[in-house]
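> I'll drop the sequence and a predicted model, then ask my questions.
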There are 2 protein chains.
Amino acid sequence: MHLLSPKGFVAGAVHAGIKSTKKNDVGLLICDAPIPATTAAVFTTNKVFAAPVKIGREHIAASNGRLRGVVVNSGNANACTGAQGDRDARRMCSLTAMQVGCDPIQVLPCSTGIIGHLMPMQKIERGIVGAASKLGSSESHALQFADAILTTDTKRKAASTRIKIGKTQITVAGVCKGSGMIGPRMSLGMPPHATMLAFLTTDADIPAATLRRVLASSADRSFNAVTVDDHTSTNDTAVILASGMSGATVRSAHEVARFASALNEVCKSLAYQIAADGEGATKVVRIEVRGARTQSDANSIARAIANSPLVKCAMNGNDPNWGRIVSAAGLCGADFDPNRATLWLQGTKVFHRGRPVLFNAAKVSRSLDAKEVVVDLACNLAKSHATVWTCDLSKDYVTINADYHT
Amino acid sequence: MHLLSPKGFVAGAVHAGIKSTKKNDVGLLICDAPIPATTAAVFTTNKVFAAPVKIGREHIAASNGRLRGVVVNSGNANACTGAQGDRDARRMCSLTAMQVGCDPIQVLPCSTGIIGHLMPMQKIERGIVGAASKLGSSESHALQFADAILTTDTKRKAASTRIKIGKTQITVAGVCKGSGMIGPRMSLGMPPHATMLAFLTTDADIPAATLRRVLASSADRSFNAVTVDDHTSTNDTAVILASGMSGATVRSAHEVARFASALNEVCKSLAYQIAADGEGATKVVRIEVRGARTQSDANSIARAIANSPLVKCAMNGNDPNWGRIVSAAGLCGADFDPNRATLWLQGTKVFHRGRPVLFNAAKVSRSLDAKEVVVDLACNLAKSHATVWTCDLSKDYVTINADYHT
């Protein structure tokens, strides 16, 4: 299964020369069903949002959430580019609309890359024409598109699942990008925290309002729960296109719950892949905060732990330095009482109700040398729970980010 | 001038074997004036605060802010150590009190080092007796004490100044430590953000309530405006002891303002030295945020820029990647409009009202290769201003923190 497995979608991508590498950097994902796709999107909550985010919001509203597709480029974020940036994002949509035969407001533009440079529009234009000439629905087309959205990512990111609604099979699939500037906080209204782009497809028939609600909820539990460097990007966008071509309609509460569960599965897999491919990452660190006073407290504590450079460096060195974790929990302003809390590292209890627990440090250190490390903190205050995924902080993160621009 | 230049203070320090290096790790700073020193202290706002912070707060309250001195150790934070930790912190005070002849509640305990290990009390006890036997008021004594509080610091940190109150000269002096786990948020009531310890002395005679107010204000503009890794420590403490031995009394509004100005100067110098000696730092980055809507907004924006790993890595690589700075300003929730903002890097305008400014990137990059880099952001919304000091993020930071514990 792949991004184009849901019925009613085609994609195409080319290398247009925006990225200095030879990799694809312009892609189109188009719904070729008789009527446009029901669409929902969440955008970054950064007050500095890129032109494509601004235009994308406009187009979602103006089209009543019925899109023909998305046009995306990597290598340039079209952020902090003023009125020219807005014009360039609109032009990406009108060029795409001309190629596929729709209204420009039925196209969502997405960009990722360097901030503050005007778009190389000649290359973009050639790229859109080229990508349109290559549209197709094979797995190869899906992979070409998935590659076109990457920047510092070292791996392509994709996920998909199938469920039955009644007796009809539907497919939910997605691809995403994200490696640095990752700390998405996306919402339906306004912008998140990274450049994170996710493109989701389904052939379910689902009302626009329901799709919006389900996407927002899934994003909170997946993309918005990933942080690499807690730097909310100007461009973060997650969009889902529903072609309706499976013939299955998602209407009843039960059907919506089943669809939401499938979408959660895909989004969580994609989010996990972002953490695993975080810039310089050698491992995923999963933070589980249980028994917090409120959901907001649980989220704050989990994020404070996930974003502490001291915790992240300790994870890089397989150092069971749990004091950094407990102190991170206490610094974020959330209700937290170390005298009621218990902390486990990879299943080993290291701190219990205000006091250290004797443990075999060498053994726990060895257990931290893994592809996934679980930090499990029980607050024992109430019942709220949050999961946040992050990665370790390595010297490679510094190497990657100390010289990106020049 | 040095920590013991203000009249009425002696200090002593020894290597008691708590740190694995041969460096001093237990120190005493004692007021030997006829009556105890008027004392004010600010402590970490972390909900996970160390035993010495808990006992220190108690002693400041119980003694009515009149202390004989402080006992400090490095190498062990006495944090997350439960009831035994409390007993150990109290015992440090009673041992000191026995040595110098005062009530244990007239002693403030401070610790810094690893979290979650019980204190090696035999070594501490020997250290306190040893330090008490070495008390003196020479510069050498001041330096010995300054060294006893260091952990990952590479440099001793000290500052002092002299002013006249009326016709009488008074001295304000201080030493501090701090390199990692630095993001102090100290307040009079509750705890800040790093292990940062600062010990300040003066021979002015100043009422306790005034001293508290002036210290809190100075801390906000200095220690609380420094961040290395934004990880508020369990132990952060800044304390000032006023011996009154100069004979000059600080009473009138004018005298208080002059004293506050002297204290600000000393605290800012110490805070700057912390940023300059941040773990792995190659330079100080000074963030100036002007024209913000409110003071809280100015602080939030400055801290968001200062704490962004992407900004800090760019500074390490002399990379004028200003998009990271502008996007950091937008992500913290403070009121910010990129279309009204202007940004300068080392005096070169790089972004103006929503749009990039053409500049010589190679030249600006060369200008970033300096001991201090100034990031100057004008929000053009209102009149609030904040200054925050941080440092760059280097590979050495990762090296230092990936293997500290084991």
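Nice, thanks for sending it over.
> How is the closest residue to A:Arg293 other than its chain neighbours assigned, secondary-structure-wise?
Spatial nearest neighbour of A:Arg293, chain neighbours left out: A:Asp335 (4.2 Å); criterion: Cβ to Cβ, 6 or more residues apart in numbering or on different chains. Yep, even glycine has a C-beta here, placed from its N, CA and C like the rest. Under the three-state scheme (DSSP: H, G, I helix; E, B strand; the rest coil), A:Asp335 adopts coil.
> burial of A:Asp335, as a residue count?
Residues near A:Asp335, counting by other Cβ atoms under 10 Å in any protein chain shown, number 15.
> What segments of the stretch 251-400 of chain A are strands?
A:284-292, A:342-345, A:348-352, A:355-356, A:372-378, A:384-391 (DSSP state E, counting those that start in this stretch).
> residues in contact with A:Lys155?
Applying Cβ atoms under 8 Å, 6 or more residues apart in numbering or on different chains to A:Lys155 gives the contacts A:Gln273, A:Ala276, A:Asp277.
> Wondering if the top helix by length along chain A reaches chain B at all.
Across chain A, the longest stretch assigned as helix under DSSP state H is helix A:253-276. No: residues of helix A:253-276 are not located near chain B by Cβ under 8 Å from any Cβ of the partner chain, the shortest gap being 15.2 Å.
> before we move on, the earlier item: among the strands of the stretch 251-400 of chain A, which gets the worst mean confidence?
In terms of average pLDDT, strand A:355-356 trails the rest of the strands of the stretch 251-400 of chain A, at a mean of 91.
> A:Arg126: what secondary structure?
helix.
> Please name the nearest non-neighbouring residue to it.
Closest to A:Arg126 by Cβ to Cβ, 6+ apart is A:Ala16, at 5.6 Å.
> Any regions of chain A where pLDDT drops low?
A:184-194, A:404-406 (pLDDT under 70).
> Spatially central residue in it, please.
A:Phe223 (4.2 Å; Cα atoms, centre = their mean).
> Which residues are in contact with the residue nearest to A:Arg293?
A:Ala292, A:Arg293, A:Thr294, A:Asp297, A:Leu381, B:Lys47 are the contacts of A:Asp335 under Cβ under 8 Å, 6+ apart.
> quick one: the fourth one and A:Thr399, what's the gap?
So the one you mean is A:Asp297. Remark: distance between A:Asp297 and A:Thr399 (Cβ to Cβ, to the nearest Å) = 36 Å.
> Also the last one?
If you measure B:Lys47 against A:Thr399 using Cβ to Cβ, the figure is 36 Å.
> more crowded one of A:Asp297 and A:Thr399?
Neighbour count, other Cβ under 10 Å: between A:Asp297 and A:Thr399, A:Asp297 has more, with 22 against 15.
> ok, the closest residue to that one other than its chain neighbours - contacts?
Once flanking residues are discounted, A:Asp297 sits nearest to A:Ala334: 3.8 Å by Cβ to Cβ, 6+ apart. By Cβ under 8 Å, 6+ apart, the contact list for A:Ala334 reads A:Ala292, A:Arg293, A:Ser296, A:Asp297, A:Ala298, A:Ser300, A:Ile301, A:Ala304.
> Around the residue of the stretch 101-250 of chain A found nearest chain B, how many other residues sit close by?
The nearest approach of the stretch 101-250 of chain A to chain B comes at A:Ile115, 2.4 Å away (Cβ to the nearest Cβ). A count of nearby residues for A:Ile115, using other Cβ under 10 Å, gives 27.
> There's contact between it and B:Arg324 in this structure, I believe.
Yes: using Cβ atoms under 8 Å, A:Ile115 is in contact with B:Arg324, at 7.2 Å.
> Give me the secondary structure label for the residue lying closest to A:Cys313 once chain neighbours are set aside.
What sits nearest to A:Cys313 in space, not counting adjacent residues and going by Cβ to Cβ, 6+ apart, is B:Asn401, at 3.5 Å. State at B:Asn401, reduced to three classes by three-state DSSP: helix.
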